[in-house]
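K.L.:
this one's structure only:
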């Protein structure tokens, strides 16, 4: 009986500690794309590129790796820094491989799964080929897709990761672009104060509320809620003559000259400078432009025809800026999921 009792006690301790060890193991939640409840359906559904942790991690590694550039010095993240909502903060034009200077401001990146096309001029029509543009642009990464694929296939690390993510033995451009699209498609910004007000979780200050009213009255026809863009291309009156044809360069239609994508305004307070050429460094300058700085031209948007702007009062300008600052999403800016 004595030995039986000792065996029973030992067995009880074994069961206790085994159960305790099992209970302390955290439950791993599979990575998934989650549409914010107040957002419309996305344009990109990840069909054929279903979200997994391995694919996402691979795409993130590629996004942060300068191997995509000719001289292995320029990564996607070099011009798209998470701390500044994946924009090139405080720089009009980004430096490319070999020190070349771009001709357009690097836009902030967020909510790309909702975009029907990409770039300031809409010259790329699918997120899974989005990265071809900067990789092959002679002012940006200066590389060829074939050479990037060759460099990846020469890497045992990448060979193993592509095998794990996509079950392929030879890396192809298709799967490289899919991995990048998976990471970029998962960049969702939806937790700013604006979003919390929009979903009834908090309220604006009086100044922010006044600014929001001005925004809905004057801006929302282009900066459609809640994504803050309608993805259209418009001439917003910043030039009378065009050194950059914008959308017209893509369509070769003179009626599109001087038109550029209506930008997503999320995190706008920290993504300066503004406009396709980074000419404005402050929100005050942007608001001044829309107040009384509109320049007329043949393709000016109908909203601005025969007017110099909305003629905001000094108080209205401050209120509008106060509202724009509510679009800053600190959760997005510090999300460890997106960090290198």
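P.N.:
That came through, no problem. Just so it is clear, the model here is predicted, and its values are computed rather than measured. Residues are numbered from 1 along each chain as shown.
K.L.:
flag the shaky bits of this structure, pLDDT-wise.
P.N.:
For the chain, the stretches with pLDDT under 70 are 1-28.
K.L.:
that one: strands as residue ranges?
P.N.:
233-234, 260-261 (DSSP state E).
K.L.:
for the last one, packing partners?
P.N.:
Put plainly, it is strand 260-261. Using 3 or more CB pairs under 8 Å, 6 or more residues apart in numbering; DSSP states H and E, the elements in contact with strand 260-261 are strand 233-234. For the C-beta atoms, the positions are set from N, CA and C on the backbone; glycine is no exception.
K.L.:
determine which stretch of the strands of the chain is the most buried.
P.N.:
strand 260-261 (a mean of 23; mean count of other CB atoms under 10 Å).
K.L.:
still on that earlier bit, okay, the strands of the chain in a markdown table with distance to residue 277 next?
P.N.:
Shown next, in a markdown table, are the strands of the chain (distance: least, CB to CB, whole Å):
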| stretch | distance to residue 277 |
| --- | --- |
| strand 233-234 | 15 |
| strand 260-261 | 9 |
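K.L.:
and of those strands, who's closest to residue 97?
P.N.:
Each of those has some distance to residue 97 by CB to CB; the shortest is strand 260-261, at 24.9 Å.
K.L.:
partners of the closest one, with directions?
P.N.:
strand 233-234 (antiparallel) (DSSP bridges).
K.L.:
what's near enough to touch residue 284?
P.N.:
Taking CB atoms under 8 Å, 6 or more residues apart in numbering, we find residue 284 in contact with 317, 321.
K.L.:
how near is it to residue 322?
P.N.:
Note on residue 284: its distance to residue 322, by CB to CB, to the nearest Å, is 12 Å.
K.L.:
now the residue nearest the centre of the chain: closest residue in space, sequence neighbours ignored.
P.N.:
What sits nearest the mean C-alpha location of the chain, by CA atoms, centre = their mean, is residue 109, with 1.8 Å. Excluding its sequence neighbours, the residue lying closest to residue 109 (CB to CB, 6 or more residues apart in numbering) is residue 86, at 3.7 Å.
K.L.:
how about residue 84?
P.N.:
Nearest one to residue 84, counting by CB to CB, 6+ apart, is residue 270 at 5.3 Å.
K.L.:
what's near enough to touch the one you found?
P.N.:
Residue 270 sits in contact with 84-85, 87, 89, 328, 333, where contact means CB under 8 Å, 6+ apart.
K.L.:
list just the nearest of those to residue 143.
P.N.:
Of all the contacts of residue 270, residue 87 has the smallest distance to residue 143: 22.0 Å, by CB to CB.
K.L.:
my read is that that closest one contacts residue 109, right?
P.N.:
Yes. In this structure, residue 87 is within contact of residue 109 by CB atoms under 8 Å, at 7.5 Å.
K.L.:
which residues touch the residue nearest to residue 109?
P.N.:
77, 80, 108-110, 187.
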